[in-house]
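# Structural data only, the sequence is not supplied:
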């Protein structure tokens with residue numbers, strides 16, 4: 001990729017992710033001026049609601065940590081024998097559920113195969129051996145359109161390239177028994193190790209670079225750029241530095257097969273000519289090998305530099321980041337649904353609430369979102385912050401909501417009977 005500044009635009013597609021921090025959502029609601037002198041109580045309500053979700057997600061992350069521990073290749077702690085129920089499918093289900101709460105979308109196998117076929121923005125050809133994986137899953141959140149200035153025609157021309165980019169990508173890979181990606185021994189510390197990776201700003205056509213066992217191959221243009229000059233220079237070497245050596249070798253061959261009766265004398269001059277010719281030929285092949293290796297190293301450096309800046313977290317660290325993202329999404333969805341029910345003069349249907357929230361985000365804040373009204377209302381009903389009467393929903397007053405959340409909070413720490 002070029003070193004020029006990248007222009008970025010959000011694509012028009014609507015996703016479930018709400019691209020604002022929870023603090024900003026609170027301020028956006030307050031700027032809407034629909035609370036009529038209840039701002040202080042509303043802020044306190046938001047604090048208690050955030051604390052409630054934080055406590056609930058603390059339990060989720062602890063469960064995930066315990067489920068992931070037997071498969072974490074980075075773990076530096078000991079595990080008691082038979083102390084844990086080693087269940088791969090349980091962890092996969094928990095992790096996928098967490099990604100769903102964080103509003104990540106699945107990247108299908110068809111989309112992965114399409115990326116392998118499409119032209120890479122990095123101008124390199126990458127192959128992935130999927131046979132080393134027991135299971136591989138990719139998820140994305142957010143999508144943008146980008147423009148970047150790239151080199152064309154061997155660097156002689158510059159051009160602007162537009163491409164679609166995933167804002168966040170999570171990679172889940174479970175290796176086969178004793179699987180060893182790329183011969184690195186990276187997964188050999190634990191059988192059937194599972195790696196988790198989190199990346200940012202990944203071009204859709206280049207998601208294959210995220211796999212740990214990628215192999216860089218020479219493109220046709222690279223083979224031509226190395227092969228054609230090699231053939232030309234090789235002919236020059238044969239015609240100049242190897243002419244005497246070739247003539248001498250032909251004479252020796254002719255004598256040994258009976259085409260020549262006179263023996264070829266191998267004196268010091270002839271031996272020097274043979275040595276000089278083979279030295280020149282060996283130097284030529286070594287130069288061509290270095291050309292190939294240097295070009296491949298250049299592509300590997302491009303790939304490593306890109307991944308260095310795109311990588312956000314690894315393995316257990318991914319669990320914490322995704323749990324934090326999911327906690328924020330749960331809070332934002334619940335708060336928006338509660339606020340729009342609270343500021344409405346009458347009970348509303350699910351479709352009406354959904355339409356109002358999506359229109360408000362799109363028109364007021366220029367942010368098209370596919371709001372998850374079902375999930376938001378389910379959370380509010382569970383927390384007893386809204387009422388449902390024959391499919392029409394209404395929010396309880398702010399002070400009553402605070403009292404309800406306070407009771408729920410006390411119940412978290414009630415001693416078992």
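Everything's here; your move. Note that the structure is a prediction, hence the values are computed from the model and not measured.
# and this structure, what are its domains?
220-297, 329-412 (automatic domain parsing).
# Which of those has the lowest mean pLDDT?
Ranked by mean pLDDT, the domains of the chain bottom out at domain 220-297, with a mean of 58.
# Okay, and residue 362 sits in which element?
Counting by DSSP states H and E, the element that carries residue 362 is helix 350-365.
# for the stretch 51-200 of the chain, what spans make up the strands?
105-107, 125-128, 133-152, 157-175, 194-203 (DSSP state E, counting those that start in this stretch).
# Out of those strands, name the one with the poorest average pLDDT.
Of all these, the minimum mean pLDDT falls on strand 125-128 (a mean of 72).
# What pairs with that strand, parallel or antiparallel?
Here strand 125-128 is paired, per DSSP bridges, with strand 214-217 (antiparallel).
# re earlier: what's in contact with the helix holding residue 362?
Contacts of helix 350-365 with the rest of the structure, by C-beta atoms under 8 Å, 6 or more residues apart in numbering, involve 18, 20, 28, 32, 336-337, 340-341, 344, 348, 367-371, 373-374, 377, 391, 393. From N, CA and C alone the C-beta is placed, and that goes for glycine too.
# ok, now with 7 Å
28, 336, 337, 340, 341, 367, 368, 369, 371, 373, 377, 393 (C-beta atoms under 7 Å, 6 or more residues apart in numbering).
# What's the local residue count around residue 75?
Residue 75 has 16 neighbours, counted by other C-beta atoms under 10 Å.
# Show me which residues of the helix holding residue 362 are buried.
Under the neighbour-count criterion of 16 or more other C-beta atoms under 10 Å, helix 350-365 has 350, 352, 353, 354, 356, 357, 358, 360, 361 buried.
# ok, now how distant is the first one from residue 213?
Read that as residue 350. Distance from residue 350 to residue 213, counting by C-beta to C-beta, to the nearest Å: 46 Å.
# helix or strand for residue 307, which one?
Going by DSSP H and E, residue 307 is in helix 268-310.
# after that helix, next one along is what?
Of the helices and strands lying after helix 268-310 in sequence (DSSP H and E), the nearest is strand 311-314.
# Buried residues in that next one, which are they?
Neighbour-count burial for strand 311-314 [16+ other C-beta under 10 Å]: 312, 313.
# mind checking which of the strands of the stretch 51-200 of the chain is nearest residue 95?
strand 157-175 (6.7 Å; C-beta to C-beta).
# angle of the closest one against strand 133-152?
Per axes from the mean of the first three to the mean of the last three C-alpha atoms, to 10 degrees, the angle that strand 157-175 makes with strand 133-152 is 170 degrees.
# Could you spell out the sheet neighbours of strand 157-175, each with its direction?
Sheet partners assigned to strand 157-175 using DSSP bridges are listed as strand 133-152 (antiparallel), strand 194-203 (antiparallel).
# Of these, which stretch is the most buried?
strand 194-203 (a mean of 21; mean count of other C-beta atoms under 10 Å).
# so the nearest residue to residue 46 once chain neighbours are set aside is in which element?
Take residue 46 and drop its neighbours on the chain: the residue closest to it by C-beta to C-beta, 6 or more residues apart in numbering is residue 26, 5.0 Å away. Taking DSSP H and E as the definition, residue 26 sits inside helix 22-31.
# Run through the neighbouring helices and strands of that helix.
Applying 3 or more C-beta pairs under 7 Å, 6 or more residues apart in numbering; DSSP states H and E, one finds that helix 22-31 contacts helix 39-68, helix 316-342.
# tell me which strands and helices the last one is in contact with?
It refers to helix 316-342. Helix 316-342 is packed against helix 22-31, helix 39-68, helix 88-101, strand 194-203, helix 350-365, helix 373-382, strand 392-395, with contacts defined by 3+ C-beta pairs under 7 Å, 6+ apart.
# Mind listing what's buried along stretch 371-383?
Neighbour counts over stretch 371-383 (16+ other C-beta under 10 Å) mark 371, 372, 373, 375, 376, 377, 379, 380, 383 as buried.
# Residue 372 and residue 34, how far apart?
22 Å.
# quick one on the thing from earlier: drop anything exposed from the contacts of helix 350-365.
When those are checked for burial by 16+ other C-beta under 10 Å, the buried set is 28, 336, 337, 340, 341, 369, 371, 373, 377, 393.
# residues touching the first one, list them.
So that's residue 28. Neighbouring residues of residue 28 by C-beta under 7 Å, 6+ apart: residue 365.
# Quick check: the gap between it and residue 94.
With C-beta to C-beta as the criterion, residue 28 and residue 94 are 32 Å apart.
# what's the answer for the fourth one, then?
Noted for residue 340: a distance of 31 Å to residue 94, by C-beta to C-beta.
# and what of the third one?
Relative to residue 94, residue 337 is positioned 25 Å away (C-beta to C-beta).
# ok, now the last one?
With distances defined as C-beta to C-beta, the gap from residue 393 to residue 94 amounts to 30 Å.
# Same check on the second one?
Residue 336 sits 26 Å away from residue 94, going by C-beta to C-beta.
# hmm, back to that, identify, out of the helices and strands packed on helix 22-31, the most deeply packed stretch.
Buried most deeply of the helices and strands packed on helix 22-31, by mean count of other C-beta under 10 Å, is helix 316-342, with a mean of 22.
# What's the per-residue pLDDT of residue 302 here?
For residue 302, pLDDT reads 63.
# try the one 5 residues further on
For residue 307, the model assigns a pLDDT of 75.
# Tell me the spacing between it and residue 195.
14 Å.
# Kindly report the same for residue 317.
12 Å.
# Switch the buried ones among the contacts of helix 350-365 over to CSV; also include distance to residue 138.
Output for these, formatted as CSV (distance: C-beta to C-beta, whole Å):
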residue, distance to residue 138
28, 32
336, 29
337, 30
340, 34
341, 36
369, 22
371, 25
373, 27
377, 30
393, 36
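# and of these, the nearest to residue 161?
residue 369 (28.2 Å).
# tell me the contacts of residue 385?
Counted by C-beta under 7 Å, 6+ apart, residue 385 has contacts 338, 395, 396, 401, 404.
# possible to save these as a markdown table with distance to residue 67?
Output for those, formatted as a markdown table (distance: C-beta to C-beta, whole Å):
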| residue | distance to residue 67 |
| --- | --- |
| 338 | 32 |
| 395 | 36 |
| 396 | 36 |
| 401 | 34 |
| 404 | 32 |
